[in-house]
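Asker: next come a sequence and a model predicted from it.
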Amino acid sequence: MRFEGIPNRNLQENRPRSPNFRQIQSQQFQQFLLPVNRFGIFHGGLIRDALVAAACANDLVITSGGVSVGEEDHVRPAVQKIGSLDFWKLAIKPGRPVAMGEVAGVPYIGLPGNPVSAMVTFWLIGRPLILRLMGAADLSSPRFQVVSAFNHHHTPGRREFLRARVSADPAGTMRAEAYPSTSSGMLSSLTWSDGLVEVHEDIGDVKVGDVLPYLPYSVL
């Protein structure tokens with residue numbers, strides 16, 4: 001599991017080496033002009049010590065991977081030994097195994113290990129938390145209504161964020177085309193798309209012509 005993406009009080013910044021951290025640092029931390037301290041990749045019993053060290057030197061601790069329920073997911077129990085979790089699962093796709101809480105009194109975010117899940121959950125959860133820590137009052141991201149140009153099977157009960165790109169048809173209507181795969185391991189889907197179509201948890205299948213909320217990456 002990766003231990004990464006940690007905004008720091010001082011001006012030191014180490015070179016990132018993991019894909020998830022590189023994505024988030026280049027697209028988000030630089031946007032906020034936040035200095036970052038990267039602690040590296042840790043396994044097993046070293047995770048708790050790394051969390052403590054990060055919490056002692058930083059204003060926010062972010063990890064990637066290790067917060068699910070597998071035998072090798074050691075971050076969640078380590079966090080619970082030295083802090084607490086407000087939640088560690090959300091009914092969203094991608095990104096169900098995401099955690100938020102505190103370690104040694106410092107705010108903590110545990111992102112999923114899959115790269116698309118890590119990026120999407122950072123946009124939806126990490127970004128608002130950072131804005132709040134920076135003193136912002138308005139944490140909302142504007143949604144725009146678009147017309148679906150695709151069919152998609154969706155089971156009610158979980159909110160889904162589909163990678164999509166939007167273009168205007170001859171009549172000027174903004175229509176969204178979804179990426180053909182919902183795999184959370186396909187980084188190419190982020191470069192192909194320009195935003196997220198939001199499918200609420202209380203609706204069923206999406207059909208061509210449905211009107212849905214859309215979050216462009218430019219506002220995230």
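Answerer: Good, I have the coordinates.
Asker: show me what the helix ranked longest in the chain is packed up against.
Answerer: Longest helix in the chain by number of residues (criterion: DSSP state H): helix 46-57. Judged by 3 or more CB pairs under 8 Å, 6 or more residues apart in numbering; DSSP states H and E, helix 46-57 is in contact with strand 2-3, strand 61-64, helix 75-82, strand 99-103, strand 106-111. In short, each C-beta sits where N, CA and C put it, glycine included.
Asker: residues in contact with the longest one?
Answerer: With contact meaning CB atoms under 8 Å, 6 or more residues apart in numbering, helix 75-82 is reached by 1, 47-48, 51-52, 55, 63, 65-68, 85, 88, 99, 101, 103-104, 108, 110.
Asker: ranges for the strands of the protein?
Answerer: Under the criterion DSSP state E, the chain contains strands at 2-3, 40-41, 61-64, 83-87, 92-93, 99-103, 106-111, 144-148, 159-168, 174-178, 195-199, 211-216.
Asker: now a PyMOL select for only the buried ones of the contacts of helix 75-82.
Answerer: Buried members of these can be picked out in PyMOL with the line below, counting by 16 or more other CB atoms under 10 Å:
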select buried, resi 1+47+48+51+52+55+63+65+66+67+68+85+88+99+101+103+108+110
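Asker: average pLDDT across stretch 155-165?
Answerer: In this model, stretch 155-165 has a mean pLDDT of 97.
Asker: report the buried residues of it.
Answerer: 159, 160, 161, 162, 163, 164, 165.
Asker: hmm, back to that, redo the helices and strands packed on helix 46-57 as a markdown table? Include mean pLDDT and distance to residue 125.
Answerer: Shown next, in a markdown table, are the helices and strands packed on helix 46-57 (pLDDT from 0 to 100; distance: least, CB to CB, whole Å):
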| stretch | mean pLDDT | distance to residue 125 |
| --- | --- | --- |
| strand 2-3 | 44 | 17 |
| strand 61-64 | 90 | 10 |
| helix 75-82 | 88 | 15 |
| strand 99-103 | 94 | 7 |
| strand 106-111 | 94 | 7 |
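Asker: most packed of these?
Answerer: strand 61-64 (a mean of 28; mean count of other CB atoms under 10 Å).
Asker: how does the protein divide into domains?
Answerer: 2-133, 144-219 (automatic domain parsing).
Asker: lowest-confidence stretch among those?
Answerer: domain 2-133 (a mean of 78).
Asker: how much space separates residue 134 from residue 103?
Answerer: Separation of residue 134 from residue 103 (CB to CB, to the nearest Å): 20 Å.
Asker: from residue 54, how far out is residue 159?
Answerer: Counting by CB to CB, the gap from residue 159 to residue 54 is 30 Å.
Asker: sorry, back to before: would you turn the strands of the chain into CSV with distance to residue 129?
Answerer: Formatted as CSV, the strands of the chain follow (distance: least, CB to CB, whole Å):
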stretch, distance to residue 129
strand 2-3, 18
strand 40-41, 23
strand 61-64, 10
strand 83-87, 11
strand 92-93, 16
strand 99-103, 7
strand 106-111, 6
strand 144-148, 24
strand 159-168, 18
strand 174-178, 28
strand 195-199, 18
strand 211-216, 17
